[in-house]
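> With the input below, show me the fold.
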Amino acid sequence: MPTSEEQIIGEAARAFAGEVFGRSPKHRLLDALEAFAGNGSADEVSGNVESPTGHFFRVDRWIVVTDSQGFRDVQTYDTESEAEVAFRSMDEEYIQWAGDDE
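Numbering: from 1, shown residues only. Next up, the predicted model:
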């Protein structure tokens, strides 16, 4: 799996038939990561936009979070392992919230 932002952006452009557009490097990265998720290639997906964690997914060492207002944010970790740990922590928080909500 690619390890730099430019590599993941290029991989998304090649894999999903076209360029990934964005106004800034952050937007290009978000668009590339969402292309992976939208095509079923996210490593993990969880959450709910109404929850405190938002809806979130992981692709390699990046986690994208979408909140109830539709705002997106990308969290970048040094390694995929660090992202996996962060994802599990967010998922546990989401599960706790969802359990309280039922």
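> top helix in this structure by residue count?
Ranked by number of residues, the top helix in the chain under DSSP state H is helix 80-101.
> Would you map the strands across this structure?
44-48, 54-59, 62-66, 72-76 (DSSP state E).
> what sits against the most centrally placed residue in the chain?
Of all residues in the chain, the one closest to the mean position by CA atoms, centre = their mean is Val64, 2.7 Å from it. Going by CB atoms under 8 Å, 6 or more residues apart in numbering, Val64 touches 30, 33-34, 37, 56-58, 72-75. C-beta: built from backbone N, CA, C; applies to glycine.
> Next one: it from Gly99, what distance?
As judged by CB to CB, to the nearest Å, Val64 and Gly99 stand 24 Å apart.
> And Ala86, by the same measure?
21 Å.
> Looking at those two, which has the bigger crowd around it?
With neighbours defined as other CB atoms under 10 Å, Ala86 and Gly99 compare such that Ala86 has more, 16 against 8.
> Would you confirm that that one contacts Thr76?
No - using CB atoms under 8 Å, Ala86 makes no contact with Thr76, being 10.4 Å away.
> Give me the pLDDT value at the residue nearest to the centre of the chain.
Val64 carries a pLDDT value of 97.
> next one: the one 10 residues further on
Per-residue confidence at Val74 stands at 94 (pLDDT).
> Noted, bye for now.
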